[in-house]
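# 3D, please:
(chains A and B, ligands or ions: 2)
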Amino acid sequence: MSEPLLVFRGIEKTFAETNILRNVDISLYPGKCILLSGNNGSGKTTLLKIIAGLETPSRAEIEFSGKSHSWKSAIRSIRREIIYLHQQPYLLSGTVESNVSYGLRFTHLNRKQLRESVKEALEWAGLADVAKQQAKTLSGGVQQRVAFTRAWILKPKVLLLDEPMANMDIESREQACDLLKRMKSEGMSIVITSHDTNIIDGLIDIHFSLSDGKLD
Amino acid sequence: MEGMLFTTQKALHLLVTGDPELWSIVMLSFSVSLKAIILTTPPAMLVAYSLVNGNFPGIRIILAVFNSLLSVPTVVIGLFLYVMLTRQGPFGDLRLLFSQTAMVIGQILLCFPILVALGYATINAADRRVRETAITLGAPWWFTILTVLYEVRFGLLAAVLTGFGRIISEVGISMMVGGNILGYTRNITTAIALETSKGEFAQGIALGIVLLVLAFVLTTFLTYVQGKQEMST
Ligand SMILES: Nc1ncnc2c1ncn2[C@@H]1O[C@H](COP(=O)(O)OP(=O)(O)OP(=O)(O)O)[C@@H](O)[C@H]1O
Ligand SMILES: [Mg+2]
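Ligands and ions are numbered 1, 2, ... in the order given. Predicted structure coming up:
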């Protein structure tokens, strides 16, 4: 396999004296998709949030471009290349369009590029018709698609998806799978958590399962 | 003493004919309290946000301090400020005693803990995912704060309205550090308190009506705003 993009080593996480994660190592490769399975409460969400810099680990190291850094010192700089999608996405107040363009404000795009990029993304995701609607009024499945588009438009190097298929009907699942395959072929590194392992066959390159705080 | 009916008639007359002295007192109240609330809101919201999301030692103690500051009587705040600003006091050289600035400072001291406590409760009830979503989509720290505050804006507006209602109706601070000087520091509440004691009822009743109408409008608006916040969460 090619060089890993990022390696997380020795991740430990303790909540109220319970070890949720014990010395977990995980490597993220460009263009590869990892499936993370495990029972409810096994720590999948916690692990993804630590990788995304949204949860502070008790201990962890990050390796990239041949150097090892402490989680604390490195996470700020790598966090902008990593996007985490919630199990239940939170759409911000405002229209679908304003949600999709949210992260683009922090890039170097000018107004015109921004507008074109949003338009393209909305069409790509089949959301052009609802672009002007209040995002919070949409159905769960469509909200998920908005959240996905809002992340995709930023072209992150790593995409972390927490139970992305849970709210989707079969047709949407297949669409989402195709999308993810396309993103993989563009070199994106993807981590998905799911209980259901067979629906996303053909997408998964590596399968880990989390139990007792350890990865197998 | 004139008949009650006659006095009330006179009060209404003052109100509808736009008596200049009366309305200048009303404007002074609004000007002082609006300045105080505008200056207090941004720092109070920042403090409330840090108390919810920060992780530094002593958060619980700071919260407890703000909560206990809620019940400090206004005359005590007035007394404290008086001692600070009097000629012999530590800030006596600023010559601020008996000025509008002193009233603004006193009202800031009064509403700061209110805004922090109510702001804390509102921001603490905000969905955790808002902050996480902003961060993961690359928002810088200050935009993350704005995003969270914007998601609970109706709750925060309710806090601000409550604070405003409190300071525009307080007497103790305005009396002690303002001094009720006509045309300079006399506001609605000090006018009611002092003019009434001199037997000038009509103006007092007219100002009382203004304060009651304001309270009614604020409460109605507050109820509406709180309903909005509940709907949006
Ligand atoms: N903020 C927190 N404080 C205390 N305990 C927590 C916190 N967040 C998670 N936990 C605990 O950590 C454990 C792992 O939770 P996590 O959400 O990571 O599991 P999960 O594998 O994603 O579960 P699910 O499949 O139900 O989504 C659970 O026992 C949970 O109660
Ligand atoms: Mg989970």
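# contacting residues for the spatially most central residue of chain A?
For chain A, the residue nearest the mean C-alpha position is residue A:160 (2.0 Å; Cα atoms, centre = their mean). Residues near residue A:160 by Cβ atoms under 8 Å, 6 or more residues apart in numbering or on different chains: A:48, A:51, A:52, A:82, A:83, A:84, A:85, A:190, A:191. Heads up, the C-betas are built off the backbone N, CA and C, glycines and all.
# Please repeat the previous calculation with a cut-off of 6 Å.
A:48, A:52, A:84, A:191 (Cβ atoms under 6 Å, 6 or more residues apart in numbering or on different chains).
# Look up which residues are beta-bridged to the last one.
When bridges are called by DSSP bridges, residue A:191 pairs up with residue A:34, residue A:160.
# ok, residue A:19 - contacts?
Residues residue A:213 are the ones in contact with residue A:19 under the rule Cβ under 6 Å, 6+ apart.
# what about residue 42, is that helix, strand or coil?
You didn't pick a chain, so chain A it is. For residue A:42, the assignment made with DSSP: H, G, I helix; E, B strand; the rest coil gives coil.
# my bad, chain B
Reducing the assignment to helix, strand or coil with three-state DSSP, the entry for residue B:42 is helix.
# Next one, pLDDT for it please.
The confidence metric pLDDT takes the value 98 at residue B:42.
# cool, and residue A:140?
Model confidence at residue A:140, given as pLDDT, is 86.
# want to throw the contacts of residue A:160 into TSV with distance to residue A:208 and pLDDT?
What follows is these, written out as TSV (distance: Cβ to Cβ, whole Å; pLDDT from 0 to 100):
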residue	distance to residue A:208	pLDDT
A:48	12	97
A:52	17	97
A:84	17	97
A:191	9	96
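# Smallest distance to ligand 1 belongs to which residue of chain B?
Of the residues in chain B, the one nearest ligand 1 is residue B:128, at a distance of 8.6 Å by Cβ to the nearest ligand atom.
# could you give the mean pLDDT of the longest helix along chain A?
What stands out as the longest helix in chain A, according to DSSP state H, is helix A:170-185. Over the span of helix A:170-185, the pLDDT mean works out to 84.
# just checking, what packs against that helix?
Packed against helix A:170-185, as judged by 3 or more Cβ pairs under 6 Å, 6 or more residues apart in numbering or on different chains; DSSP states H and E, are no other helices or strands.
# mind redoing it with 8 Å?
Using 3 or more Cβ pairs under 8 Å, 6 or more residues apart in numbering or on different chains; DSSP states H and E as the contact test, the elements touching helix A:170-185 are helix A:140-152, strand A:189-193.
# Show me what that helix is in contact with.
Outside helix A:170-185, the residues that touch it by Cβ under 8 Å, 6+ apart are A:31-33, A:141, A:145, A:148, A:152, A:159, A:164-165, A:168, A:190, A:192, A:199-200, A:202-203.
# Please apply the same query to stretch B:30-39.
Judged by Cβ under 8 Å, 6+ apart, the contacts made with stretch B:30-39 from elsewhere in the structure are B:100, B:103-104, B:107-108, B:111, B:160, B:163-164, B:167-168, B:174, B:187.
# Show me which of the residues you listed is closest to residue A:104.
Proximity of these to residue A:104 (Cβ to Cβ) peaks at residue B:160, which lies at 31.3 Å.
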